[in-house]
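Participant: sequence plus the predicted model coming up.
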Amino acid sequence: MWLLFGIALLFFGTLKKDKMVRVASLAVMILSVRKAFLYDSSELEGLFRVFSFFGLGLSLLGLSWFYTSFVFGDRDLLKGAQK
């Protein structure tokens, strides 16, 4: 649930172009991923643990894609215009 809250903050911060909201979303997402790795995975066994890590990895790849496409995407355009 905390990861969904962090993603919602990320979308809101990106839409409003508010850096503080994006930083807050990053902090929430880091804490929720840390909790998933350290606490939640210790409660799982076997294939449930494998699928949990697989799902977490896919969500982190999706967040990485979002950051590079929408948050940091404008910076690439500015670098190309300066050359």
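Facilitator: Yep, it's here.
Participant: middle-most residue in the protein, spatially?
Facilitator: Computing the C-alpha centroid of the chain and ranking residues by Cα atoms, centre = their mean puts residue 63 first, at 4.0 Å.
Participant: can you list contacts of the strand or helix carrying it?
Facilitator: Using DSSP states H and E, residue 63 maps to helix 47-66. For helix 47-66, the surrounding residues in contact (Cβ atoms under 8 Å, 6 or more residues apart in numbering) are 3, 7, 10, 29, 33, 36, 37, 40, 41, 44. Quick note: C-beta positions are derived from backbone N, CA and C, even for glycine.
Participant: mind picking the two most distant members of those?
Facilitator: Farthest pair in these (Cβ to Cβ) is 10 and 44. Separation: 26.3 Å.
Participant: neighbour count for the two, which is higher?
Facilitator: Between residue 10 and residue 44, counting by other Cβ atoms under 10 Å, residue 10 is the more crowded of the two (22 against 13).
Participant: correct me if wrong: the more buried one contacts residue 27.
Facilitator: No - if you go by Cβ atoms under 8 Å, residue 10 and residue 27 don't touch, sitting 11.1 Å apart.
Participant: give me the neighbour count for the closest residue in space to residue 28 that isn't next to it in sequence.
Facilitator: Closest residue to residue 28 in three dimensions, ignoring its sequence neighbours and counting by Cβ to Cβ, 6 or more residues apart in numbering: residue 6, at 3.7 Å. If you count neighbours by other Cβ under 10 Å, residue 6 ends up with 21.
Participant: tell me how far residue 6 lies from residue 44.
Facilitator: Computed as Cβ to Cβ, to the nearest Å, the residue 6 to residue 44 distance reads 21 Å.
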